[in-house]
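Student: have a look; sequence and predicted model below, questions after that.
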Amino acid sequence: MLLMALGIGNAAVLLWPGDILYIYGVAALFLFVFRKLDGRVLLGVSLALIALFSLADALGDWRAAAALTADPAAHAAAIAALTPSAEALNAEAAVRASGSYPAIALWSAGAFADWALAKGAVLSVGRTVAFMMLGMGLFKLGVMTGARSLRFYLRLAVLGVAGGLAINVWETATLWRSGFDPAVWTPALTGEVGRLMLALGYLGAVIAAWKANALGLIGAGLERMGRMAMTNYLGQSLICAVLFYGFGLYDRLGWWPLWGLAAAVWVAQALFSTAWLSLFRMGPAEWAFRAVAYWTVPPLLRPRRPRSDAVAEPAPSR
């Protein structure tokens with residue numbers, strides 16, 4: 001429930017309508033029931049759910065494609081609906097560039113509500129449950145804790161990334177050749193499979209790099225950011241709200257400047273996380289979350305280490 005509340009606040013207050021914490025919070029209501037299952041059972045249920053979603057997506061898209069093919073007018077309308085109207089785009093841009101916090105907050109909350117109450121959000125919860133259950137199973141089996149060999153993770157990285165990219169390239173090429181025709185349904189059959197393979201491949205690549213000590217300072221920064229994941233996630237919403245809406249950078253930066261800004265934010269957050277964790281046990285958002293969840297005040301300050309540079313007094317002579 002706390003994650004759901006944070007997600008709503010992230011959209012309505014910090015102006016990020018694409019929040020994911022709400023979905024995580026809803027998924028947690030279901031995942032709580034399965035938390036004590038064996039790792040292999042969790043993997044089995046997860047893969048069954050992923051297969052079920054793949055078949056459901058393919059069947060739904062196939063039925064929609066058949067209906068569109070049989071009705072040329074509906075087919076043309078579906079193609080036209082892929083491009084938002086200029087009036088809608090201009091109205092949204094005018095609000096987001098207005099610099100008015102109440103107006104932007106109202107737009108953000110409305111956009112989030114439109115998405116959170118739609119069919120797509122329900123499907124997102126189901127997929128999140130399936131993939132989080134996969135992570136729970138891999139954690140219990142020691143895969144996510146680095147307990148397997150370096151060769152295991154290298155194989156997982158190569159097979160996962162190669163297979164996932166091959167599927168995604170085929171899907172993208174199929175959609176591109178069709179002009180993203182909504183009557184093309186075949187990529188829906190492999191979408192979840194490609195996502196699964198890439199997730200496993202990225203997991204293998206990151207842990208393999210960690211086990212080989214190849215991450216260096218980047219790994220140290222990511223480790224500290226990960227220990228303050230909620231603080232940094234919400235912090236990114238705050239930073240971007242200030243930059244794009246407070247300082248008026250919305251719709252003024254091109255592709256490469258946006259990449260540079262994203263890198264700068266990551267570096268700044270890595271430095272901030274390193275400095276913060278040198279003094280405190282956890283991030284401020286993590287501390288507040290635990291305080292509310294457990295209805296207690298967890299310790300925040302890191303205990304001071306005894307000074308090692310103090311000169312010991314000589315023992316008295318006999």
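Tutor: That came through fine. Residues are numbered from 1 along each chain as shown.

Student: who touches stretch 70-83?
Tutor: Residues lying outside stretch 70-83 but in contact with it, judged by Cβ atoms under 8 Å, 6 or more residues apart in numbering, are 67-69, 179-183. In short, each C-beta sits where N, CA and C put it, glycine included.

Student: hmm, I was thinking of stretch 240-254
Tutor: Among residues not part of stretch 240-254, those counted as contacts by Cβ under 8 Å, 6+ apart are 14-16, 93, 96-97, 99, 101, 104, 261, 265.

Student: how about these, which pair is most distant?
Tutor: Greatest spacing in the contacts of stretch 240-254, by Cβ to Cβ: 93 and 265 (22.9 Å).

Student: which of the two has more neighbours?
Tutor: residue 265 (16 against 12; other Cβ atoms under 10 Å).

Student: confidence score at that one?
Tutor: What the model reports as pLDDT for residue 265 is 96.

Student: and it, what helix or strand is that in?
Tutor: Using DSSP states H and E, residue 265 maps to helix 255-277.

Student: for that helix, packing partners?
Tutor: The elements that helix 255-277 packs onto, with contact taken as 3 or more Cβ pairs under 8 Å, 6 or more residues apart in numbering; DSSP states H and E, are helix 216-227, helix 229-240.

Student: figure out which of these is closest to residue 21.
Tutor: Comparing those by their distance to residue 21 (Cβ to Cβ), the top pick is helix 229-240, with 7.5 Å.

Student: could you check the lengthiest helix in the chain and say which residues are buried?
Tutor: Assignment by DSSP state H gives helix 39-70 as the longest helix of the chain. Judged by neighbour count (16 or more other Cβ atoms under 10 Å), helix 39-70 contains these buried residues: 42-43, 45-46, 49-50, 53-54, 57-58, 61, 64-65, 68.

Student: list buried residues within the contacts of stretch 240-254.
Tutor: If you count burial by 16+ other Cβ under 10 Å, the buried members of the contacts of stretch 240-254 come out as 14-16, 96-97, 104, 261, 265.

Student: let me know the closest of those to residue 225.
Tutor: Out of the buried ones among the contacts of stretch 240-254, the one with the shortest distance to residue 225 is residue 265. That distance is 11.0 Å, counting by Cβ to Cβ.

Student: buried ones in the helix or strand that contains residue 102?
Tutor: Mapping residue 102 onto the secondary structure by DSSP H and E places it in helix 101-116. Along helix 101-116, these residues count as buried under the neighbour rule (16+ other Cβ under 10 Å): 104-105, 107-109, 112, 115-116.

Student: columns pLDDT and distance to residue 86 on top of the residues you listed, output as a markdown table?
Tutor: Below are these laid out as a markdown table (pLDDT from 0 to 100; distance: Cβ to Cβ, whole Å):
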| residue | pLDDT | distance to residue 86 |
| --- | --- | --- |
| 104 | 95 | 21 |
| 105 | 95 | 25 |
| 107 | 94 | 18 |
| 108 | 94 | 22 |
| 109 | 94 | 24 |
| 112 | 93 | 24 |
| 115 | 87 | 22 |
| 116 | 87 | 26 |
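
Student: of the residues you listed, just say which sits nearest to residue 230.
Tutor: Within the set of these, residue 112 lies nearest residue 230; the separation is 18.3 Å, counting by Cβ to Cβ.

Student: so for residue 270, which of the helices and strands packed on helix 255-277 sits nearest?
Tutor: With Cβ to Cβ as the criterion, residue 270 lies closest to helix 216-227 of the helices and strands packed on helix 255-277, at 3.4 Å.
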